[in-house]
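Student: using only what follows, build the 3D model:
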Amino acid sequence: MKYFVILLIFVGFFGIIYAEPIPEPVSEQDVLIYENCGPGTIFQDGICIVEEPLVKSNSTGKWDSVAEILIMSPLKQFKSGIPIDEIQCRESLILVTKHDGSPACVKPMTKQYLIDRDWAKIKSLDEIQDNPNLIKQNIIDVNYKYVTLYPVNTCSSILLKLLTGEDIQRFTIVGKGLKDNLILQITDEDLKEIPDIQELIYAVHSIEFPYSKHSSTFLDGITFVEYEFFLMDKAMKKYGDSQKDYFTKLDKDYEERFTNPVEQGFTNHFKAPIIIYNDNVYSIGGTMFQMSNEHNQISMSVSPKDSIDDEKFITLTDEDMKSIPRIKEAIENIGTVKESIFGHKGLPEDQLNEYIEWFKQKSQDRLNVDKSKLIQYDEQIYSVGFSIC
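Tutor: A predicted model of the protein is given here:
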């Protein structure tokens, strides 16, 4: 008996020596997710994903008996040819698209965690409104104001922009105007000839207009330059530098150009200082440009910033804002103005050329112009663009 106990101790000793090495420690977030991995999921790359085939229960009738339906893992479903938006997950999980385009089923609690790690994109159809027409579509991504249709990785593509009321107003503000003779009217019969445009129209209407993360204001040329000089003077008093540190290019006769009705063009290159107002940080944009018609309104943008970094900055008061009221107005409008929605779809180059020719022919026949970039269908106005590598 004594020797038997010694033998057990001996075996136990060597069992400890040759045991598996202790795994590397993981972060608290990984531990949290690992501990919540459910049945049928495994811990991989810091999250819980479905690996093995799933069994889905389904009631079969009045006897309340249960039929078990075998569901393949998301990756196997995808490789078998099932479209990514038709892949099934068990009821407690949601479908996401990984950064490499492959699907995975994860717990809802990991949704924001995945986004923060740029590991996955939420299944786009979860973000869109119910629309029976979208059954025909293959929307593979919805990101802020961009809706992407399959295929994506092609050298040629169509871009459709659903214009907001602000966009339409901007055509008038900048002096171009929005004339009926520049808008190509599209009918239901037309859409039968250009089905990919119809697809994009459905797609851009599948989400609501997002609100802008920045704002802008339109100014006449004289006022625009006066605003720049006001910001520059405040910065020069603070830093003791000179005009050349802010204006790298400014036409010396700009006042005469703005008052002369003849179009002479205008160049303005101004590096605006960062501004702080009511303890918030903003950058001023749209101050580097060259325009052919100096009598058009000019857009100055205002965008919130998280920090000042190493840039020059000035702090503005309510009294200062009386000198630049349109900038104050733009700041107040941040997050209140709707932005356009863009739809994108790739096409083979020969098919895209057919679309270009179709628009060219219809524009000549109906508008007597070479090609219209604006179309109208069902009282909505869109801009259409074509891209070839």
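Student: list the contacts of the helix or strand containing Ile197.
Tutor: Following DSSP states H and E, one finds Ile197 within helix 195-204. The contact list for helix 195-204, computed with CB atoms under 8 Å, 6 or more residues apart in numbering, reads 131, 133-134, 136-137, 139, 147, 149, 158, 160-162, 186, 191, 341-345, 347, 355, 375, 377, 380, 382, 384. C-beta: built from backbone N, CA, C; applies to glycine.
Student: what does the host helix or strand of Tyr382 rub up against?
Tutor: Element membership of Tyr382 [criterion: DSSP H and E] is strand 380-388. Strand 380-388 is contacted from outside by 155-163, 168, 183, 197, 201, 204, 349, 352, 355-356, 359, 373-376, using CB under 8 Å, 6+ apart.
Student: if we go to 6 Å?
Tutor: Residues outside strand 380-388 that contact it (CB atoms under 6 Å, 6 or more residues apart in numbering): Ser156, Ser157, Leu159, Leu160, Lys161, Leu162, Leu163, Leu352, Ile356, Lys373, Leu374, Ile375.
Student: re earlier: how about the helix holding Ile197: buried residues?
Tutor: Asp196, Ile197, Gln198, Glu199, Leu200, Ile201, Tyr202, Ala203, Val204 (16 or more other CB atoms under 10 Å).
Student: tell me which residues in the helix or strand hosting Gln351 are buried?
Tutor: Using DSSP H and E, Gln351 maps to helix 349-366. Buried positions in helix 349-366, judged by neighbour count with 16+ other CB under 10 Å: Leu352, Tyr355, Phe359, Lys362, Ser363.
Student: what's downstream of it, the next helix or strand?
Tutor: Next along from helix 349-366, by DSSP H and E: strand 374-377.
Student: can you list the strands that that next one pairs with?
Tutor: strand 183-185 (parallel), strand 380-388 (antiparallel) (DSSP bridges).
Student: can you add mean pLDDT and give these back as TSV?
Tutor: Listed next are those as TSV, based on pLDDT from 0 to 100:
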stretch	mean pLDDT
strand 183-185	92
strand 380-388	92
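Student: for these, which one sits closest to Val302?
Tutor: strand 380-388 (24.4 Å; CB to CB).
Student: separation between Leu149 and Val204?
Tutor: Distance of Leu149 to Val204, computed by CB to CB, to the nearest Å: 10 Å.
Student: let me redo that: Asp85
Tutor: In terms of CB to CB, Asp85 sits 17 Å off from Val204.
Student: domain map for this structure?
Tutor: Here the domain parsing of the chain from automatic domain parsing is 28-122, 140-210+339-388, 215-333.
Student: pick out the shakiest of the ones you listed, pLDDT-wise.
Tutor: Mean pLDDT values for the domains of the chain show the minimum at domain 28-122, a mean of 56.
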